[in-house]
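Peer 1: build me a structure from this.
(chains A and B)
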Amino acid sequence: MQDDYGSIWSYRAKWAYLLALVGVLLAPVFYVIYISFNEYGFAARIYEFTLEWYVVVLGDKILVASLEWTGYLALASVLSSVPMGLLAAKFYKRTRHKVAFVTLMLLPLFVPADIMASSLLVYFKNLNRVFEGLSDALGSELFYGWFDLGFLTAWIGQVLYTVPYAFVVILITMSRYRDQQTEAARGCGASAWQAFWQVEFPQIWVGVASSCAFVAILSFNEAPRTALLKGGFDTFANVLVAQMLNIGMSEESYAMAGIMSILSIAIIGSILIYSMARSERLERERRVKAQPLMSQ
Amino acid sequence: MAMKKSDTAAEDITGDLAVETFGVSKSYGQVRAVDEISVKVESGQYFVLLGPSGGGKTTLLRLIGGFVRPDAGRVLLHGQDVSNLPPNKRSTSMVFQSYALFPHMSVEKNVSYGLKLLKLPAPEIAEKVASILELVGLKGYNGRMPHELSGGQQQRVQLARSLVLESDILLLDEPLASLDANLRKDMCHELKRIQEQVGITFIHVTHNQEEALTIADRIAIIADGKMIEEGVPKEIYERPRKKFTADFIGQNNLIDGKIIGIDGNHVTIDLGFATVTVPRSEQSPDKGAEVTVSVPAEMIEITKEAPQDNEVSQFLQVVYEKETYLGFGSQHQILLPDGNGFVAMTKSSGEPFRLTHGDIAYVVWPTAAARLHTS
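Peer 2: Below you'll find the model as predicted:
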């Protein structure tokens, strides 16, 4: 919003700066998408639109399998990280030690991805030994191989990475929710769960849905942790990185990058457009129908 | 459990008790929000918890409602100990200061929320909702969303949502604080009318003394986490027992002094610059005790001529400072000989006031109007 006494040019300059910044940040992404639709690939003199590379990628069994694995990982991460982020956000609203709590929640984000991945790798190896020792002590093989590298270890790594993001996204929506509504529901006879599900959740579901989308996108984008923790399967990002390292950027690589970018932008863009449209609609309704607040 | 005897226990309560608290306490960290408060509320009474902000009255209300658990003491509703029960297991419902309507539900859905939780048949719910909306003056508003309502209407919906549950105790936490002055007055009378109509116990928290005096059957003064005193509005206003109450309610002038004589029902006090006589009331002071005298501003008359010395009235020589016009009357700032301020209120008489800044004058009040405070 422009201030009445501010210069219109200063206002326009701020917008120009913002758009330029976003443009610079997103230019490489859009360039990759642009190349991915070229029949002749990168650095060709001729540009001819084609979907051929996407067809090739989606016809490649290894790539489709990696997409499936990534999908499972994303689903498992969404189903675990989002409820954990939600619980953390609820706890944050109750605790008096908010700064300490946020610091602890966000701490995993300050550890570089490779360090976190190798630390987890060592941790799971040792945990396996502990569990094997426990099994031996019990004379059973029950706990053997629980933490062998595989889907579970990749999933745990992904959860560690995505919970802080899920927490922050949900907290933004939840900050507008007034706890007195929960108390009012409890006063009407609702149990704690009923108050959450019937009163609080309908008001924060946009944040929860955004958090789900965000965690899913992060699962598709993340490479270092899954590379070290995945065991015998490949995720889409792992295959893409491996291809780039081994044979450089091929037309298929551009198409793979294009798939990931288009999906991410589409999901985030949809949420953004929906939120803006909803907010606009509510504001319009409020203006039309609301009476002065302090009159009878 | 050892009970601390309240200074202000309501000995004159005779009916059934809806709410009793016995020495309830609640601390938040180092802050003692409620400090061993014992209170008794009769069934069907409009009971007001009055006090300054941050005094602990809302915490006491939340302890009664089950929104916070007491650190010590017990809460009884109709004789049953509910100290460890959550709000949905208590026979109370609550109206909050900031409306707390569910914004994604229409008026009808807000009001019927608790009834649906009780799994009542739909026709019964519809009938009860229609009836309660009529009671609070919102007939025809069923389909409106909360953001389409004014502040007063939102508060009525909240009231309806609580009343429809037919709980026999309604807790109101500063329900009128967000409303403008005129609407607050109207809603005060409206609340009283509804309470008399439904006949249940209302416990109402406010920091607004006018609101409390208008609406209450009984008032409890709460400050610094403690119960200061309790009584009917007239008694609290006209005969405050505690110095704090005299300072908080109405516009009383407080003057410190020392008792130099006790004669039957009267006590003579040396103020340092003059002596005055005040009724002993129910206090049992000792000679030489440090006390405070309160004199209501509206009981004071200002004269230019020295009054006759007599038993039925008291007077002090003062310096007149200034008059502030208030419409229905005027407030006069006066300086006592010890340099402390003194305030008198006079009604508009239509005649010009004769005193001006710096004039020597006399303030006179009926002996029976002043109160003695030992604490």
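
Peer 1: what number of residues lie near residue 130?
Peer 2: Since no chain was named, I'll use chain A. 12 (other Cβ atoms under 10 Å in any protein chain shown). C-beta here means a position set from N, CA and C on the backbone, and glycine is covered the same way.

Peer 1: meant chain B actually
Peer 2: Other residues close to residue B:130 by other Cβ under 10 Å number 15.

Peer 1: gap between it and chain A?
Peer 2: 18 Å (Cβ to the nearest Cβ, to the nearest Å).

Peer 1: helix, strand or coil for the residue of the stretch 101-250 of chain B at minimum distance from chain A?
Peer 2: Closest residue of the stretch 101-250 of chain B to chain A, Cβ to the nearest Cβ: residue B:114 (3.4 Å). Three-state assignment for residue B:114 (DSSP: H, G, I helix; E, B strand; the rest coil): helix.

Peer 1: got the end-to-end distance for stretch B:192-210?
Peer 2: 14 Å (Cα to Cα, to the nearest Å).

Peer 1: avg pLDDT for it?
Peer 2: For stretch B:192-210, mean pLDDT rounds to 90.

Peer 1: now check it, is it near chain A?
Peer 2: No - Stretch B:192-210 lies out of reach of chain A by Cβ under 8 Å from any Cβ of the partner chain, never closer than 13.1 Å.

Peer 1: buried ones in that stretch?
Peer 2: B:192, B:194-195, B:200-209 (16 or more other Cβ atoms under 10 Å in any protein chain shown).

Peer 1: swap in stretch B:91-98?
Peer 2: Those would be B:91, B:92, B:93, B:94, B:95, B:96, B:97, for stretch B:91-98 by 16+ other Cβ under 10 Å.

Peer 1: my guess is the second one contacts residue B:78, does it?
Peer 2: No - using Cβ atoms under 8 Å, residue B:92 is not in contact with residue B:78, being 10.7 Å away.

Peer 1: show me which residues of the stretch 51-200 of chain A sit near chain B.
Peer 2: Residues of the stretch 51-200 of chain A lying near chain B by Cβ under 8 Å from any Cβ: A:96, A:178, A:180-181, A:183-192, A:194, A:198-199.

Peer 1: drop the exposed ones from those and show what's left.
Peer 2: A:180-181, A:183-190, A:194, A:198-199.

Peer 1: in a markdown table: the buried residues of stretch B:91-98, plus secondary structure, pLDDT and distance to residue B:53.
Peer 2: A markdown table is the format used below for the buried residues of stretch B:91-98 (DSSP: H, G, I helix; E, B strand; the rest coil; pLDDT from 0 to 100; distance: Cβ to Cβ, whole Å):
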| residue | secondary structure | pLDDT | distance to residue B:53 |
| --- | --- | --- | --- |
| B:91 | coil | 87 | 29 |
| B:92 | strand | 90 | 23 |
| B:93 | strand | 89 | 24 |
| B:94 | strand | 89 | 19 |
| B:95 | strand | 89 | 18 |
| B:96 | coil | 87 | 16 |
| B:97 | coil | 83 | 12 |
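
Peer 1: chain A next: which of the residues you listed are close?
Peer 2: Answer for those near chain A (Cβ under 8 Å from any Cβ): B:92, B:93, B:94, B:96.

Peer 1: residues contacting the residue nearest to residue B:79 when sequence neighbours are not counted?
Peer 2: Leaving aside its chain neighbours, residue B:79 sits nearest to residue B:17 (7.0 Å; criterion: Cβ to Cβ, 6 or more residues apart in numbering or on different chains). Residue B:17 makes contact with B:40, B:41, B:42, B:43, B:76, B:78, B:79, according to Cβ atoms under 8 Å, 6 or more residues apart in numbering or on different chains.

Peer 1: by neighbour count, which of these wins?
Peer 2: residue B:41 (27 neighbours).

Peer 1: so that one is in contact with residue B:18, correct?
Peer 2: Yes - between residue B:41 and residue B:18 there is a contact at 5.3 Å, judged by Cβ under 8 Å.

Peer 1: list residues touching both of these two?
Peer 2: residue B:201.

Peer 1: what segments of chain B are helices?
Peer 2: B:57-65, B:107-117, B:122-135, B:151-163, B:181-198, B:209-215, B:233-238, B:243-248 (DSSP state H).

Peer 1: next, the angle from the helix or strand of chain B with the lowest mean pLDDT to helix B:151-163.
Peer 2: Least confident helix or strand, chain B: helix B:181-198 with a mean of 84, by mean pLDDT, DSSP states H and E. If you take axes from the mean of the first three to the mean of the last three Cα atoms, to 10 degrees, helix B:181-198 sits at 20 degrees to helix B:151-163.

Peer 1: of all of the stretch 251-375 of chain B, which residue lies closest to chain A?
Peer 2: residue B:327 (21.8 Å).

Peer 1: and that residue, what are its phi and psi?
Peer 2: phi 90, psi -80 (degrees, to the nearest 10).

Peer 1: with adjacent residues omitted, what lies nearest to it?
Peer 2: Closest to residue B:327 by Cβ to Cβ, 6+ apart is residue B:348, at 7.7 Å.

Peer 1: for the one you found, give me the pLDDT.
Peer 2: Taking residue B:348 on its own, its pLDDT is 74.

Peer 1: please apply the same query to the one 10 residues further on.
Peer 2: Per-residue confidence (pLDDT) for residue B:358: 84.
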